[in-house]
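> show me the folded form of this:
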Amino acid sequence: MAASTRKNKAAADGSPSKHPEKPAAGVEQDSSDNESSQEDDDQTVPVQVNNACITELKNALDDTMKSYLTSKVGFTQDYFCDDVKLGLGWTSNIIAAGISLAGWHFGWEKTQGYTAYCVGAYMVLSLALTVFTSTVEKKKVFVGTKPSKASGTGPDKVTISTEVKPFDPVYQLQLEYETCRKSGPPKKYQVALKPHFKEFFDVDGILDESRWNNYLDNALKTAISKT
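Below you'll find the model as predicted:
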C-alpha cells in the first residue's frame, strides 16, 4: 500500500498542470492592451478651424509650426519675448490689485497719495509693453536655435514672422536663417513666402499637417543652402 501510494503521488507530481497556462494568457492580454494603447497614443487629433476666420487659420499654422520646429527639426524655442511680456503684464496687475486692496482695507483718504504713484507706474509699464511689442517683438511668432553642423561655431538661429491682412486669405511668412562662422560676422538669409490658406486647409477647415510640415521643411532647406 505504501509503495502504491508513493507511485500515485509521483505520477501526480509528474503530470502536467493546467494552472501555469493562465498567467501566460494574462500576459498576452496585457501586451495586446499595451499595443492598443500605444496605437491610440500615436493617433493625433486633426486640427480643425473655421475657414471663414482668418485669425483662426493663422493661429493654427503658427501653433503647428512651433510644434514641428521644436519636436521634429530640433530647434529650441527662445521665450525671451514671452517672458518680457509676462513680466510687464503681471507687474502691472500686481500693482493694480495691491493698491485696490489697500484702498479697500485702509480707506481712500489714507491711500490716495500711493494711488497716484501706482497709477503712474501702471501707465509706464503699459507704455513699455506697447513699445516692446511694436519695436522688439513685432510680428515674430518663433525664434529658435539648434547646434550648428560646423564645429567650433555658435548655434544656428531661425526667426519666423507671420502676418495676415483683413479679407486676404494669404499667409505672409518671413523666414530669417542665421549661421555663425569661425571668422567674420554671421551669415543671414531671408525669404518672404505668401502661400494661400487653401494649400493647407480643406473645405471643412481641417489642416493637412504633413503638407504644411513639408512646406516648412523645404523653406528651411532653401535657407540653409543659401547660408
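
> leaving out sequence neighbours, find the closest residue to Leu129.
Leaving aside its sequence neighbours, Leu129 sits nearest to Leu88 (CB to CB, 6 or more residues apart in numbering; 4.5 Å). Glycine gets a C-beta too; all of them are placed from N, C-alpha and C.

> and the helices in the chain?
Assignment of helices within the chain using DSSP state H yields the ranges 2-14, 21-42, 54-68, 80-106, 108-132, 209-226.

> count the residues that sit near Lys58.
18 (other CB atoms under 10 Å).

> what angle do the longest strand seen in the chain and helix 54-68 make?
When the chain is parsed with DSSP state E, its longest strand is strand 168-179. Note on geometry: by axes from the mean of the first three to the mean of the last three CA atoms, to 10 degrees, strand 168-179 and helix 54-68 are set 30 degrees apart in direction.

> need the residues that contact strand 168-179.
54, 57-58, 61, 139, 148, 150, 153, 156-165, 186-198, 219-220, 223-224, 226-227 (CB atoms under 8 Å, 6 or more residues apart in numbering).

> are any of those buried, and which?
54, 57-58, 61, 156-162, 164, 193, 197, 219-220, 223 (16 or more other CB atoms under 10 Å).

> list the contacts of the residue positioned nearest the centre of the chain.
Most central in the chain under CA atoms, centre = their mean is Ser67, positioned 4.4 Å from the mean C-alpha point. By CB under 8 Å, 6+ apart, no residues touch Ser67.

> over to Thr44?
Thr44 touches Glu209, counting by CB under 8 Å, 6+ apart.

> please verify my assumption that Gly144 contacts Tyr79.
No: contact criterion CB atoms under 8 Å: Gly144 and Tyr79 do not qualify, at 10.1 Å.

> can you tell me how far Pro155 sits from Ser183?
In this view, Pro155 and Ser183 are 17 Å apart by CB to CB, to the nearest Å.

> got it, and Thr135?
Distance, Thr135 to Ser183, by CB to CB: 32 Å.

> got it, and Val119?
In this structure, Val119 and Ser183 are 53 Å apart, going by CB to CB.

> which one of those two has more residues nearby?
Val119 (13 against 5).

> OK, contacts around the more buried one?
Ile99.

> run the last query once more with 10 Å
Ile95, Ala96, Ile99 (CB atoms under 10 Å, 6 or more residues apart in numbering).

> follow-up on the earlier one: out of the contacts of strand 168-179, which sit inside strands?
156-165, 187-193.

> which one is Lys66 nearest to, not counting chain neighbours?
Phe142 (5.5 Å).

> tell me the bridge partners for the one you found.
Ile160 (DSSP bridges).

> wait, doesn't it sit right on Thr64?
No: contact criterion CB atoms under 10 Å: Phe142 and Thr64 do not qualify, at 11.1 Å.

> and the nearest residue to Leu125 once chain neighbours are set aside, how far from Thr130?
Leaving aside its chain neighbours, Leu125 sits nearest to Ser92 (4.5 Å; criterion: CB to CB, 6+ apart). To Thr130, Ser92 is 12 Å away according to CB to CB.

> which one's more surrounded, these two?
Under the criterion of other CB under 10 Å, the comparison of Ser92 against Thr130 puts Ser92 first, with 19 against 11.
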